[in-house]
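Colleague: Need a 3D model of the sequence below.
(one chain, ligands or ions: 1)
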Amino acid sequence: MIELKNIQKIFYKNSSEIQALKNINLKINEGDIFGVIGFSGAGKSTLIRMVNYLEQPTFGEVIVNDQNLSNLSPQKLRLLRKQIGMIFQHFNLLESKTVFENVSIPLLLEGTDKNTIYTRITELLNFVGLASKADAYPDELSGGQKQRVGIARALATNPFILLCDEATSALDPQTTGSILQLLKEINKKYKITILIITHEMNVIREICNRVAVMEKGEIIEEGSLLDIFENPQQQTTKNFIRTIVHDEIPPVILNTLDFSNKNKLVLKLKFIGENSQQALLSEACYQYSVQPNILFANVTELQGDILGHLTVELNGTPENIEKTHQYLLQKNVGIEVVENGNHNNCTNNQSDS
Ligand SMILES: Nc1ncnc2c1ncn2[C@@H]1O[C@H](COP(=O)(O)OP(=O)(O)OP(=O)(O)O)[C@@H](O)[C@H]1O
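Modeller: Residues are numbered from 1 along each chain as shown. I've put the predicted structure just below:
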């Protein structure tokens, strides 16, 4: 559906070069809600603007629906752009036009007749929940309502791709949630592939099925939502995840632990999917006569999957503690041994710092 091949983008400013994108390779499949996350300056906006060729690569190819954009005539590029909708952080509405008029703009530019426009815009305003605001002006709307207008306008020409440029960054958490649900509905109902750029991990968690993490113009990590949350490889990815998944032992608890006592072992356990439902820890402790002392627990929902974090102090003989440890490993529980307050001894599929 969308493919970026060996993309580089260099901006020239005051006789110096800014390498905004370096060797970007990315494939977005039909039906994806694909999220690109990165800090400010990572290159996200430049990347998303490649897809509708608002920004052209210095090197590399952009392929959309099997068409190499660099080979398209200006007329064919204009036609393709009509099929790629875009929404923005600051909505980009015309303040002097009503809601109805703002949403109509793409159809007016196409020369669509008035009756068709009326039917289509009425349908879209109903869909985004703004039928009663058709005659209102943007300054009479809340941020969330303005973004709904932006979404209706982006859908007016029946696009097959929707690009979302920090679409919820100016909204409060509750409004963000409702806009994200609307995007999910659009993806399902109209079968529109969605590419979202954001600096908020919550946006990724709520609706994306695939994720790429960007840093300094490069994609440093990519995978399914569960892959990224379960086994992040890069420090930046881990930092983003920690903005919403709290898996650190609070210092006030950490300071009470005695790491030199051989009859105690502190483990940080990660449960995924079905494992999270099972009483694996209590089974193991019961079997090997070990007393668990739960220090910290947290459960995160990832669009139907469960990711659980549990930090536990095992109390028993060193042999029984080791048997309990091995039992949990065999059950595919992600485990880190916490030593001296550092959980750097990875004993399963973990690679945390
Ligand atoms: N038109 C331009 N001219 C010169 N430099 C640019 C231009 N557009 C972007 N850049 C530079 O390219 C780099 C990537 O910018 P970009 O806006 O793509 O990052 P971003 O991840 O979207 O950041 P933000 O979230 O702050 O918008 C930055 O160093 C930026 O200053």
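Colleague: Check the gap between the closest residue to the ligand within the stretch 151-300 of the chain and residue 236 for me.
Modeller: Residue nearest to the ligand within the stretch 151-300 of the chain: residue 199 (5.9 Å; Cβ to the nearest ligand atom). All C-beta spots, glycine's among them, are computed from the backbone N, C-alpha and C. Residue 199 sits 11 Å away from residue 236, going by Cβ to Cβ, to the nearest Å.
Colleague: more neighbours, the two?
Modeller: Between residue 199 and residue 236, counted using other Cβ atoms under 10 Å, residue 236 has the larger neighbour count: 19 against 16.
Colleague: Show me what from the stretch 1-150 of the chain comes close to the ligand.
Modeller: 11, 13, 18, 20, 38, 40, 41, 42, 43, 44, 45, 46 (Cβ under 6 Å from any ligand atom).
Colleague: Wait, a strand at the fourth one?
Modeller: It stands for residue 20. Yes - looking at residue 20 with DSSP: H, G, I helix; E, B strand; the rest coil, it is inside a strand.
Colleague: Surely it touches residue 216?
Modeller: No - contact between residue 20 and residue 216 fails when scored by Cβ atoms under 8 Å: they sit 9.6 Å apart.
Colleague: Need the residues touching each of the two.
Modeller: residue 43 (Cβ atoms under 8 Å, 6 or more residues apart in numbering).
Colleague: what about those two, which has more around it?
Modeller: residue 20 (22 against 15).
Colleague: tell me the contacts of that one?
Modeller: Residue 20 touches 9, 10, 11, 43, 46, 217, counting by Cβ under 8 Å, 6+ apart.
Colleague: So for the most far-flung residue of the chain relative to its centre, what's the pLDDT?
Modeller: Here the centre of the chain is the reference, and by Cα atoms, centre = their mean the most remote residue is residue 317, at 44.1 Å. Predicted confidence (pLDDT) at residue 317: the value is 95.
Colleague: The stretch 101-250 of the chain: helices as residue ranges?
Modeller: When assigned using DSSP state H, counting those that start in this stretch, the helices of the stretch 101-250 of the chain occupy the ranges 114-127, 143-155, 173-189, 201-207, 225-230, 235-242.
Colleague: Indicate which one of those is closest to residue 94.
Modeller: helix 143-155 (9.9 Å; Cβ to Cβ).
Colleague: which strands and helices sit next to that closest one?
Modeller: strand 84-88, helix 99-110, helix 114-127, helix 173-189 (3 or more Cβ pairs under 8 Å, 6 or more residues apart in numbering; DSSP states H and E).
Colleague: swap the cut-off to 6 Å and go again
Modeller: strand 84-88, helix 99-110, helix 114-127 (3 or more Cβ pairs under 6 Å, 6 or more residues apart in numbering; DSSP states H and E).
Colleague: now what about that helix, what contacts it?
Modeller: 85-87, 91, 93, 99, 102-103, 124-125, 128, 130, 138, 162, 170-171, 175, 179 (Cβ atoms under 6 Å, 6 or more residues apart in numbering).
Colleague: Let's see that with 8 Å instead.
Modeller: By Cβ under 8 Å, 6+ apart, the list of residues contacting helix 143-155 from outside reads 85-88, 91-93, 99, 102-103, 105-106, 121, 124-125, 127-130, 133, 138, 141, 162, 167-168, 170-172, 175, 178-179, 182-183, 186, 190, 192.
Colleague: if we can go back for a sec, does the residue farthest from the centre of the chain really touch residue 263, like I thought?
Modeller: Yes - Residue 317 is in contact with residue 263 according to Cβ under 8 Å; the separation is 6.7 Å.
Colleague: any weak-confidence spans in the stretch 51-200 of the chain?
Modeller: For the stretch 51-200 of the chain, no stretch has pLDDT under 70.
Colleague: List the residues that contact the residue of the stretch 151-300 of the chain closest to the ligand.
Modeller: 37, 38, 39, 40, 44, 166, 169.
Colleague: Same question for residue 41.
Modeller: Contacts of residue 41 (Cβ under 8 Å, 6+ apart): residue 216.
Colleague: Roughly how far does it sit from residue 199?
Modeller: On the measure of Cβ to Cβ, residue 41 and residue 199 end up 10 Å apart.
Colleague: ditto for residue 146
Modeller: The gap separating residue 146 from residue 199 is 20 Å, by Cβ to Cβ.
Colleague: cool, and residue 10?
Modeller: Going from residue 10 to residue 199 by Cβ to Cβ gives 23 Å.
Colleague: Once you drop chain neighbours, what's closest to residue 10?
Modeller: Spatial nearest neighbour of residue 10, chain neighbours left out: residue 58 (4.6 Å); criterion: Cβ to Cβ, 6 or more residues apart in numbering.
Colleague: do the same with residue 294
Modeller: residue 312 (5.4 Å).
Colleague: What's the per-residue pLDDT of that neighbour here?
Modeller: pLDDT for residue 312: 91.
Colleague: For it, pull up the helix or strand it's in.
Modeller: strand 305-315 (DSSP states H and E).
Colleague: where's that strand relative to the chain centroid, distance-wise?
Modeller: Distance, stretch centre to chain centre, for strand 305-315: 24 Å (Cα atoms, centre = their mean, to the nearest Å).
Colleague: Could you spell out the sheet neighbours of that strand, each with its direction?
Modeller: strand 264-272 (antiparallel), strand 291-302 (antiparallel) (DSSP bridges).
Colleague: quick one: which of these is nearest residue 110?
Modeller: Here strand 291-302 is closest among those (Cβ to Cβ), at 39.8 Å.
Colleague: May I have the closest one exported as PDB, CA atoms only?
Modeller: The C-alpha trace of strand 291-302 is given here as PDB (Å, rounded to 0.1, in the frame of the first residue of the first chain):
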ATOM      1  CA  GLN A 291       6.700 -17.300  50.300                       C
ATOM      2  CA  PRO A 292       6.100 -14.500  47.700                       C
ATOM      3  CA  ASN A 293       6.000 -10.900  48.900                       C
ATOM      4  CA  ILE A 294       4.500  -8.800  46.200                       C
ATOM      5  CA  LEU A 295       6.300  -5.400  45.900                       C
ATOM      6  CA  PHE A 296       4.800  -3.900  42.900                       C
ATOM      7  CA  ALA A 297       2.200  -4.800  40.300                       C
ATOM      8  CA  ASN A 298       0.800  -3.200  37.100                       C
ATOM      9  CA  VAL A 299      -1.400  -4.300  34.200                       C
ATOM     10  CA  THR A 300      -1.600  -2.600  30.800                       C
ATOM     11  CA  GLU A 301      -4.200  -3.300  28.200                       C
ATOM     12  CA  LEU A 302      -3.000  -3.300  24.600                       C
END
